[in-house]
Structures are given as C-alpha cells and as structure tokens.
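# One predicted model, sequence on top.
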Amino acid sequence: MIAAHSEPHDCTVLFADIAGSTPLYARIGDAAAFLLIESCLKTVRREIEGQGGRVIKNTGDGMLAVFADPNVASEAVIRIHNAVTELPDAASHKLAVRLAFHSGPVIQNADDVFGETVNVAARLLELASPGRAITSAEAIRQLRPEWRALAHPMQSRTLRGVSRLTELFELQCESTGDLTVVQSINLDAVDAVELRLDLGERSIILNAQKPSVRLGRDPLADLRITDTRASRNHASIELRGDKFVLVDRSSNGTFVAIEGEKEFVLSHEEIVLRKRGSLALGRSCGETTQLVHYVCL
C-alpha cells in the first residue's frame, strides 16, 4: 500500500463513481439499492487495493484513491470494470462505474489528499461515461506503450476551476492478449436520465435522443432569451454519460441558483446540473423575468 506523505509528491489520483445510483433508489427501494451499491463499492475498493492503491475516502456513491504509478491505476481501472460487470443484477438493473485519473503533485496525509491534481481528476470524472475512464495527457505520458495504445484522444477542454486547457483521453479498455477486454455498458438507468427545461410556456426535455440544447439571444437558439445582457451564443447544456453539463460561453456569465443553495455565476466554465433550480443569462435570477427553470428527472 502507498504510504502517507505530508510533503508534496507525485502520484496518480483516481475517482470512481457508480453510474445511475440516484434513480436506482427510486426504482428498487432504499434498502435494496443500498445493499447493491455497498457491494459494488466493496468490489471497487478490493480492486484498487489489489493493485497497490490507497483508498482515501468514500465520496457519496464513489471513492477517491491514489496510486504510485498511472500504469497500475490503468490496471485497476480494467479490473474494476470487469469486476463490476460480473456482479449479479438486482431487479434487472446492471451497475457500471465511471472512472477518471490524473497524475501530478499532491499534498497527502493520513486522511485526505489536496491540490490541483485532485481537482483536475474530479473534473475529469464529470466527463466520464459508464464503463469507460477519462484521463489526462500528464498520465498518458507516463504510461507504457500497451496502455497508451488503449487511450483515444478527445477534444481538449477548459475544465471548471482549471484555467489552462486540458488534453483529454478516453481509456477504451479494449485490447487483446494479457490485457482484459472491457466493453461499454448500456444501462437502463443511464439511458433514462432526463432534464426538463422551462422558459415561460416553452418546455424542452433533454435525454439520449435530444442530448443538447443552446441558450442565448440568437433567433436559432433552442431557448431564446431576448435580454440584451445575454450573448447570442450564451450557453449550452449537454448530456455527458449520465450527467447534464451546463457550459457558459458568454460575456456576462450565467447565473445559477440550485435549489437550497446560494446563487453563483458561471463565467467560461462548466458545472454538472443537480436536483432542480434556475438559470439566468447575463444577470442575477432575481433581476430578470426570463428565468430558465430546470429539473433533473
């Protein structure tokens, strides 16, 4: 196991998250869902520790772990997906895990890890699909050739809270020989995720069939806001894996009020929309009548 450190050192930070866990509770009940998710988390932990990783903490229906080397993190990713795929179904529901890892310096103690490397890994997880893993160029550069061959480049992005452009790669986990093959998993729960947007009398449902929507002053926008503080191509909402991501591209920002939380402004950043709430383009939610209301279904 990796020893704890109080001084900065390089390692690979991995985040794991069980996909579709929220609708699972509604579908099969709290008690049955808890047991299924708990079994899955124990499986993930076993595979992480089996490759020499150290589980730092649980993160809701997922966990945070660290590895000394991205090569062993890649091996753990393969083994996690395989092990979770082999878990028995519950009420015809098949679980899958979203994974992301990034390499760089961290501050690590017995209880937690800190630093930009951790933040980047967490943002990468927001982009990961069930049955796949997202990683960074920093990790890819340290991988052995057999692992690099499984990494497919994605479009570079500016991650939320990260000022620089991040080069992204998806670990497809498909190979032959000694490496295990992991196929992409289609989940009923993931396929069924939906987001409803309401602007006045107009409503739009986002799902696998309609995975994105544009907001702004442009007459061709899916949800048009006529406020002059709104940009023509102000923002978009995209389905990524089982999450809906709000992307701001505007001059004056997108104001977000998630139910039960303090309003904040998004400026050339991205967030995952949670629960329900309101969006306002270019000005505070309390200062406009052109509010976009959303609810995760």
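Structure's in. What do you need? Residues are numbered from 1 along each chain as shown.
# how close does the residue nearest to Gly277 when sequence neighbours are not counted get to Val295?
Of all residues not flanking Gly277 in the chain, Ile258 sits nearest, at 4.1 Å (Cβ to Cβ, 6 or more residues apart in numbering). Bear in mind the C-beta positions are built from the backbone N, C-alpha and C, glycine included. In this view, Ile258 and Val295 are 11 Å apart by Cβ to Cβ, to the nearest Å.
# pretty sure Val292 contacts Leu199?
Yes - at 5.0 Å, Val292 counts as touching Leu199 under the criterion of Cβ atoms under 8 Å.
# intersection of neighbour lists for those two?
Leu223, Ile225 (Cβ atoms under 8 Å, 6 or more residues apart in numbering).
# Tell me which of those two has more neighbours.
The residue with more neighbours, out of Val292 and Leu199, is Val292; 24 against 18, by other Cβ atoms under 10 Å.
# Disregarding residues adjacent in the polypeptide, which is nearest to the more buried one?
Sequence neighbours aside, Leu279 is the residue nearest to Val292 in space, at 4.3 Å (criterion: Cβ to Cβ, 6+ apart).
# what about that neighbour, neighbour count?
Quick note: Leu279 (other Cβ under 10 Å) scores 27 neighbours.
# Go ahead and report the secondary structure state at it.
strand (DSSP: H, G, I helix; E, B strand; the rest coil).
# Which positions are bridged to it in the beta structure?
For Leu279, the beta-bridge partners are Val256, Val292 (DSSP bridges).
# quick one, what contacts it?
Leu215, Ala235, Leu246, Thr254, Phe255, Val256, Ala257, Cys285, Leu291, Val292, His293, Tyr294.
# for Phe255, same thing?
Phe255 sits next to Glu263, Phe264, Val265, Leu266, Leu279, Ala280, Leu281, Gly282, Arg283, Ser284, Cys285 when contact means Cβ under 8 Å, 6+ apart.
# my read: the fourth one touches Asn252, true?
No - using Cβ under 8 Å, Leu266 makes no contact with Asn252, being 10.8 Å away.
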